[in-house]
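Engineer: Structure for this input, please:
(one chain, ligands or ions: 1)
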Amino acid sequence: MFIMMVRTTYHVEAETKPLDVVAKEIAAEQSTGTWTNVPAEREVHEKVGARVVSAENNTVVIDFPEEIFEPTNIPQILSVVAGNLYGLGGLKALRLEDVDFDPLVKYYKGPVFGIKEVRKYLGVYDRPLVGTIIKPKVGLSPKRTAEVAEQAALGGLDLIKDDETLTDQAFCPLEERLTAVMDKLDKVKKVVGKPCLYAVNVTTGADKIVERAERAKELGANMIMVDILTAGFSAIQAINEANIDLPIHVHRTMHGALTRGPFGISMPVISKLTRMVGGTNLHIGTYSGKMEHNVCDIDRSRDILRQPWDNFKPMFPAVSGGIYPQLLKPNLDCYGIDCILQAGGGIHGHPEGTVAGAKAMFQAVEAWKENVPLEQYAKTHHELAVALKKWGPSQ
Ligand code: 3PG
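Structural biologist: From the prediction side, this is the model:
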């Protein structure tokens, strides 16, 4: 009988044991084995036992038979490919680098809104999207949040989002904030002639997240946001299955706990799961910005989000974390136009305010498109010139 396999690739560093021995221990622990022989294993190994494919140069490849998985249950899938193994003794490093989910993708519908659908909604086709994060990230009232959003939209931005720690706190209740922001955005749309997306952060516990997303839709939201790692991949899967019919902006807060250390899960694996469960945009890092970054992982994540994969719609990479006009070129050179440039401090921190900050970002995008150095472009673009003065020369 032909058995479909989910292939996993791990970076493994062992303290003393040879790599092939460690690889067998991992395969056993994650499927049918344990630290000693158990007679009944012979009955089940053929069907659901993991097989070591190779173990060399600190890279271990293991195949898991499709039948070991409950195919739509992401917590269970993660328990198999990224579970107990991290706790095994004798390891110095263990990172899940890749998973070939192809045998399972038929169980996932992927994004309902992808790059094409968002571009159509905004009527923007020939440039990267430019967005912002409301700053300060917490503390503003609904009214003040809406005023900042209004300024951002007047600057022509395509997307405004809550920050990852803003949900439904007493100082800024979600329903009041959403209504106030959407009211301002509807008015600004008449002035600037184009809509602006507002990703309201509906992140909460599993028992409430679908209801919160539905309520946001009822109140007129045109996008929602979810912190995928703190809420769990299945939070977005549940929203997607509930047919809420809104694009979903996905923030990766807490990813560093998984992606930075010797033990963890790579951003490309997180990117694959996010596309499977139906995200529209995902933060995958900046080639230049305030956050630590791994160029190879950004390249892979970018391609995972955008390249053809089964019948999943392509997603937007969100380029976020300490960007400002001077940092657009190094990012756009690698991302191209199908990305969202998101600046918080890099827009609201502009000396002449949020509208000017947004304009400076667009001017930097135009300069990049026309292949003109920022300093030269700034000679005829005041907001960009002010940004250059404040934050230094182009990089
Ligand atoms: C994010 O959500 O990526 C950050 O809040 C970015 O904020 P910044 O542009 O001010 O660094």
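Engineer: ok now do the closest residue to the ligand within the stretch 1-150 of the chain, which residues does it touch?
Structural biologist: Using CB to the nearest ligand atom, the closest approach of the stretch 1-150 of the chain to the ligand is made by Ile133 at 4.4 Å. Quick note: C-beta positions are derived from backbone N, CA and C, even for glycine. With contact taken as CB atoms under 8 Å, 6 or more residues apart in numbering, Ile133 is in contact with 160-163, 320, 342-344.
Engineer: if we go to 7 Å?
Structural biologist: 161, 163, 342, 344 (CB atoms under 7 Å, 6 or more residues apart in numbering).
Engineer: how about the residues of the stretch 51-200 of the chain near the ligand?
Structural biologist: Residues of the stretch 51-200 of the chain found near the ligand (CB under 6 Å from any ligand atom) are 133, 135, 137, 163-164.
Engineer: how about 8 Å then?
Structural biologist: 132-133, 135, 137, 161, 163-164 (CB under 8 Å from any ligand atom).
Engineer: And the strands in the protein?
Structural biologist: 5-14, 51-56, 59-65, 91-100, 129-133, 159-161, 197-201, 223-227, 248-251, 263-265, 281-283, 316-320, 340-343 (DSSP state E).
Engineer: so where do the helices sit in the stretch 151-300 of the chain?
Structural biologist: Applying DSSP state H, counting those that start in this stretch to the stretch 151-300 of the chain gives helices spanning 174-192, 209-218, 228-231, 233-241, 255-259, 267-277, 295-306.
Engineer: In PDB, please show the C-alpha coordinates belonging to the first one.
Structural biologist: In this case it means helix 174-192. Provided in PDB are the C-alpha atoms of helix 174-192 (Å, rounded to 0.1, in the frame of the first residue of the first chain):
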ATOM      1  CA  LEU A 174     -12.900  47.300  21.000                       C
ATOM      2  CA  GLU A 175     -16.400  48.000  19.800                       C
ATOM      3  CA  GLU A 176     -16.200  51.700  20.600                       C
ATOM      4  CA  ARG A 177     -12.800  52.000  19.000                       C
ATOM      5  CA  LEU A 178     -13.900  50.100  15.800                       C
ATOM      6  CA  THR A 179     -17.000  52.200  15.400                       C
ATOM      7  CA  ALA A 180     -15.100  55.500  16.000                       C
ATOM      8  CA  VAL A 181     -12.300  54.500  13.500                       C
ATOM      9  CA  MET A 182     -14.600  53.200  10.800                       C
ATOM     10  CA  ASP A 183     -16.700  56.400  11.100                       C
ATOM     11  CA  LYS A 184     -13.600  58.500  10.400                       C
ATOM     12  CA  LEU A 185     -12.400  56.300   7.600                       C
ATOM     13  CA  ASP A 186     -15.800  56.500   5.900                       C
ATOM     14  CA  LYS A 187     -15.600  60.300   5.900                       C
ATOM     15  CA  VAL A 188     -11.900  60.400   4.800                       C
ATOM     16  CA  LYS A 189     -12.800  58.000   1.900                       C
ATOM     17  CA  LYS A 190     -14.900  60.800   0.400                       C
ATOM     18  CA  VAL A 191     -12.000  63.200   0.700                       C
ATOM     19  CA  VAL A 192      -9.200  61.100  -0.600                       C
END
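Engineer: which helices and strands does that helix pack with?
Structural biologist: helix 142-154, strand 197-201 (3 or more CB pairs under 7 Å, 6 or more residues apart in numbering; DSSP states H and E).
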